[in-house]
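J.: Take this sequence and fold it.
(one chain, ligands or ions: 1)
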Amino acid sequence: NAKRTPLIAGNWKLNNTHLEAIRLVQQIAFSLTDDDFEAAEIAVLPPFTSLRSVQTLVEGDKLKIGYGAQDISPHESGAYTGEISGPMLAKLGCSYALAGHSERREHHGEDDATVNAKVKAAFASDITPILCLGEGLDVRKAGNQVAHTVAQLDGALSEVPEEQARRLVVAYEPVWAIGTGEVATPDDAQEVCAALRERLGELYSAETAQQTRILYGGSVKSDNIAGIMAKSDVDGALVGGASLKADEFVKLARFRE
Ligand code: PEP
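T.: Okay, the predicted model is just below:
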């Protein structure tokens, strides 16, 4: 996977006020060196309420850290109380937006059609969706993780044209591994990431499949990231809990060491 720039993205979930966000982004960005930013792209995904502060900090200090949102409305504007749209996120300088995180699927009833609409909304605003996919424990126990996750990919990319899909980031996040401390083995991660890449090749082209970054997420920590990143179809990590401490996230960004 030498051709694909690794991406280490921190999903802060429902954590940190905007003042805490400023401090954490400063700690991370000032600890990382130019070499670190050469070796991998590093991004944080704070709550919506912190994005303006993060933008001011990143633009003002010309920090190399990227950032984005944890969700995006499928709608551009209108009577959708509480929603945040792609144009709003683009104006805040967001490079990324998660789409279809398992916690959104579980607690907010997001199905493949909703996730598909969110992926399209992100692309329409030139934001790269980080499309989250992954099976629950029952599906894993039945050995159906590949079919399940590939079907989620198909649903999320319905009618997404190749010129957009080329910029997609996919995150394979087995639900049983998220926030549980139970990390998938490197081989488990590789199996599904390889299948997702193969499917991208069928949906689009070998070229698009080869250039798409596919991340693994689920209890990634500094002491287990190296084995996962060593797999040929794993191009980065989406990190929840371990992204909330600056020193641990910096270690994750230096996963090669
Ligand atoms: C996530 O929220 O995407 C995630 C992978 O969480 P954790 O690292 O805490 O398992």
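J.: In contact with residue 215, which residues?
T.: 7, 9, 130, 169, 170, 171, 172, 234, 235, 236, 237, 238 (Cβ atoms under 8 Å, 6 or more residues apart in numbering). For glycine as for every other residue, the C-beta is placed from the backbone atoms N, C-alpha and C.
J.: can you name the two of those residues that are farthest apart?
T.: Across the contacts of residue 215, the longest distance by Cβ to Cβ is 14.4 Å; it joins 130 and 234.
J.: Looking at those two, which one has more neighbours?
T.: Legend: neighbour count by other Cβ atoms under 10 Å for residue 130 and residue 234, higher for residue 130 (31 against 25).
J.: which residues of the stretch 151-257 of the chain fall in strands?
T.: 169-172, 213-217, 236-239 (DSSP state E, counting those that start in this stretch).
J.: quick one on the thing from earlier: could the contacts of residue 215 go into JSON lines alongside pLDDT and distance to residue 34?
T.: Formatted as JSON lines, the contacts of residue 215 follow (pLDDT from 0 to 100; distance: Cβ to Cβ, whole Å):
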{"residue": "7", "pLDDT": "98", "distance to residue 34": "17"}
{"residue": "9", "pLDDT": "98", "distance to residue 34": "20"}
{"residue": "130", "pLDDT": "98", "distance to residue 34": "25"}
{"residue": "169", "pLDDT": "98", "distance to residue 34": "23"}
{"residue": "170", "pLDDT": "98", "distance to residue 34": "28"}
{"residue": "171", "pLDDT": "98", "distance to residue 34": "26"}
{"residue": "172", "pLDDT": "98", "distance to residue 34": "30"}
{"residue": "234", "pLDDT": "98", "distance to residue 34": "25"}
{"residue": "235", "pLDDT": "98", "distance to residue 34": "21"}
{"residue": "236", "pLDDT": "98", "distance to residue 34": "19"}
{"residue": "237", "pLDDT": "98", "distance to residue 34": "21"}
{"residue": "238", "pLDDT": "98", "distance to residue 34": "24"}
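J.: Can you read off the backbone torsions of the residue of the stretch 101-250 of the chain found nearest the ligand?
T.: As assessed by Cβ to the nearest ligand atom, the ligand sits closest to residue 240 within the stretch 101-250 of the chain, at 2.2 Å. Main-chain torsions, residue 240, degrees, to the nearest 10: phi -90, psi -100.
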